[in-house]
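>>> kindly generate the corresponding structure for this input.
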Amino acid sequence: MRRKERLARDEFLAEGPQAVREALAADRPPRTVLVTRRAAERHTDLVDAVRRAGLDPSLITEDQLGAVTDSTTPQGIVAICPTLDVGLETALAGRPRLIVCCAEIRDPGNAGTVIRCADAAGADAVILGSASVDLYNPKTVRASTGSIFHLPVVTNAELEVALDRCRQQGLQVLAAAGGGAYGLDELLRSGDLAAPTVWLMGNEARGLHPDQLELADRVVSVPIYGAAESLNLSTAAAVCLYASAFAQRSGEEPGPAEQ
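Numbering: from 1, shown residues only. Just a heads-up that it's a prediction; the model follows:
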């Protein structure tokens, strides 16, 4: 499904068994599910779940599926889902503690991985700046491995407006950038990462522009202890999100599964 078609129909594709399972559990379920005969025989439990959700899975041929998806190795089952992105006010409702904001993320795989990392770290939302990749690019959806259905995602956000609203909600704005005046390990030791935080991440190749850095309360560098020149964007986002998650949870009582 091309971007123009996705926009016109207000829908996107979630491909593969895991993505379809997550789509079925979402607040806004799929509009329809397409499945090949081979996949239907392999995933009978999933086909049953589709029917329990009140949908009648449509059998299609391998060639028909290939015409729908851009995957070189289609997995045989695809959910056609309504778009999920929300407005900024919706994403910031409920006193969020951890958010990641991507200013100009351009690689769809990186975008999906950042969403997956944010989900894993227990973040409350993801904000994608107006210069970022299409949230519903098939590579983004696949790289999120279902996390696109788990947390609010804001698209086409104006950075200054979004970050100002985050501050009004009590979040500090930390920009991740090489050469930052503050080290991530330093803030972790000082306890500053325990505060509600929105992490501002830059472009894969250029990082954050000077005017974008000025939108942050602090510019923070991830320490490099080995010989690597730097971390890629999604890895840096994962490190920063987990550092905040560890700090924010350090004083909490463990849940039943953690005791």
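>>> can you show me the helices along the stretch 151-259 of the chain?
Ranges of helices within the stretch 151-259 of the chain are 159-168, 184-190, 210-213, 233-249, based on DSSP state H, counting those that start in this stretch.
>>> mind splitting the protein into its structural domains?
Following automatic domain parsing, the chain resolves into domains at 3-82, 88-249.
>>> can you put those in a markdown table and add mean neighbour count?
From N, CA and C alone the C-beta is placed, and that goes for glycine too. Converted to a markdown table, the domains of the chain look like this (neighbours: other CB atoms under 10 Å):
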| stretch | mean neighbour count |
| --- | --- |
| domain 3-82 | 17 |
| domain 88-249 | 19 |
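>>> turn the ones you listed into JSON lines, columns for mean pLDDT.
Formatted as JSON lines, those follow (pLDDT from 0 to 100):
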{"stretch": "domain 3-82", "mean pLDDT": "91"}
{"stretch": "domain 88-249", "mean pLDDT": "95"}
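>>> right, and the helices of the stretch 151-259 of the chain - which one's nearest D134?
D134 lies closest to helix 233-249 among those, at 16.8 Å (CB to CB).
>>> and for the closest one, what's in contact with it?
Outside helix 233-249, the residues that touch it by CB atoms under 8 Å, 6 or more residues apart in numbering are 97-98, 100, 102, 105, 107, 109-110, 113-114, 117-118, 121-123, 174, 176, 184, 187-188, 191, 193-194, 196-197, 199, 201-204, 220, 222, 231.
>>> quick one, what contacts A14?
Here A14 is in contact with V20, E22, A23, P30, V78, A79, C81, V141, G146, I148, F149 (criterion: CB under 8 Å, 6+ apart).
>>> again, but for V68
Here V68 is in contact with M1, L13, L34, I60, V78 (criterion: CB under 8 Å, 6+ apart).
>>> taking those residues together, which two end up most distant?
Pairwise distances across those (CB to CB) peak at 14.0 Å, for the pair M1 and I60.
>>> thinking again about what came up before, ok, the contacts of V68 vs Q169, which is closest?
Ranked by distance to Q169 (CB to CB), the contacts of V68 are led by L13 at 33.2 Å.
>>> so which strand or helix has that closest one?
Under the criterion of DSSP states H and E, L13 resides in strand 11-15.
>>> that strand pairs with which strands, parallel or anti?
Applying DSSP bridges to the sheet, strand 11-15 is found paired with strand 77-82 (antiparallel).
>>> who are the packing partners of the next helix or strand after the partner strand?
For strand 77-82, the following helix or strand on the C-terminal side (DSSP H and E) is helix 88-91. Helices and strands touching helix 88-91, by 3 or more CB pairs under 8 Å, 6 or more residues apart in numbering; DSSP states H and E, are strand 125-129, strand 153-157, helix 159-168.
>>> which strands or helices does the second one pack on?
In this case it means strand 153-157. helix 88-91, strand 125-129.
>>> one more time with 6 Å
With contacts defined as 3 or more CB pairs under 6 Å, 6 or more residues apart in numbering; DSSP states H and E, strand 153-157 has these neighbours: strand 125-129.
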